[in-house]
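In: what's the 3D shape of this:
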Amino acid sequence: MKTTASHAVSAAGLALALGAALAISSAPLTAQAADNEKCYGVAMKGKNDCAAGPGTTCAGTAKSDYQGNAWKFVPEGTCKEIASPTSPTGFGQLEAFEEVKS
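Out: Just a heads-up that it's a prediction; the model follows:
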């Protein structure tokens, strides 16, 4: 038969384990955001990380390749070096842009 003390220990252990799991699961996103930057116009159709403009919800919703209002996380400082055929400069941008049609 379990005592009240053993129930308290079990509940505390479960709470601690759950808290640790939640902390670990949120760590990759925080680390990813810290070392990367949002780069607009470099995502392929359906491969954006989040926010692909009006009419879309989040990750994987870019409707076309190199969409000017869809972004991917890229290593910090590399965005403006990545080719983007729809960008006015021909490279990724740090802010959403109107696509240039070729």
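
In: could you measure from residue 69 over to residue 35?
Out: Look at residue 69 and residue 35: by Cβ to Cβ, to the nearest Å, they are 23 Å apart. To be clear about C-beta, it is placed using only N, CA and C from the backbone, and glycine gets the same treatment.

In: where does the chain have low pLDDT?
Out: For the chain, the stretches with pLDDT under 70 are 1-33, 51-57, 102.

In: residue contacts, residue 95?
Out: Shown in contact with residue 95 (Cβ atoms under 8 Å, 6 or more residues apart in numbering): residue 40.

In: tell me if it really is in a helix.
Out: No. Membership of residue 95 in a helix is not supported by DSSP: H, G, I helix; E, B strand; the rest coil, which gives coil.

In: okay, helices next: where are they in the protein?
Out: Assigned by DSSP state H, the chain shows helices spanning 4-35.
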